[in-house]
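> need a structure here:
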Amino acid sequence: MSDEQLSKLLAKLQDDPALTAKLQSAADLETVAQITEEAGFKISKADWLKYQANQVLELNDEELERAAGGCKDMSLTWVSALKPGVLC
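Residues are numbered from 1 along each chain as shown. This is a model prediction of the structure:
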């Protein structure tokens, strides 16, 4: 995934609640890749994992503490990975 593709996707998510909702409801990376491809973005499963990992690495102390404290819905959804700080 190029940085340009990612930037365009992030911009689209800001203005497209329907796409955001579809991604939030995706059950797995295969579905995420399919949804984004249908929206005009070519983002592989590996690219998603890499981006998501980078977002986790950038968590601040408060976010890390919430994660360690067992936040009820702590699993990072695909969209929460795209919106840093949206973990719970």
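
> pLDDT weak spots in the protein?
Scanning the chain for pLDDT under 70 picks out the ranges 1-2, 67-88.

> residue boundaries of the strands in it?
In the chain, no segments count as strands under DSSP state E.

> What's the local residue count around residue 28?
For residue 28, the count of nearby residues is 10 (other CB atoms under 10 Å). In this view, the C-beta of every residue, glycine as well, is placed from N, C-alpha and C.

> Please apply the same query to residue 38.
10.

> how close does it sit to residue 21?
Distance, residue 38 to residue 21, by CB to CB, to the nearest Å: 14 Å.

> do the same with residue 4
Noted for residue 4: a distance of 24 Å to residue 21, by CB to CB.

> go on, residue 60?
In terms of CB to CB, residue 60 sits 27 Å off from residue 21.

> repeat for residue 12
13 Å.

> who's more crowded, those two?
Using other CB under 10 Å, the more surrounded residue of residue 12 and residue 21 is residue 12, with 15 against 10.
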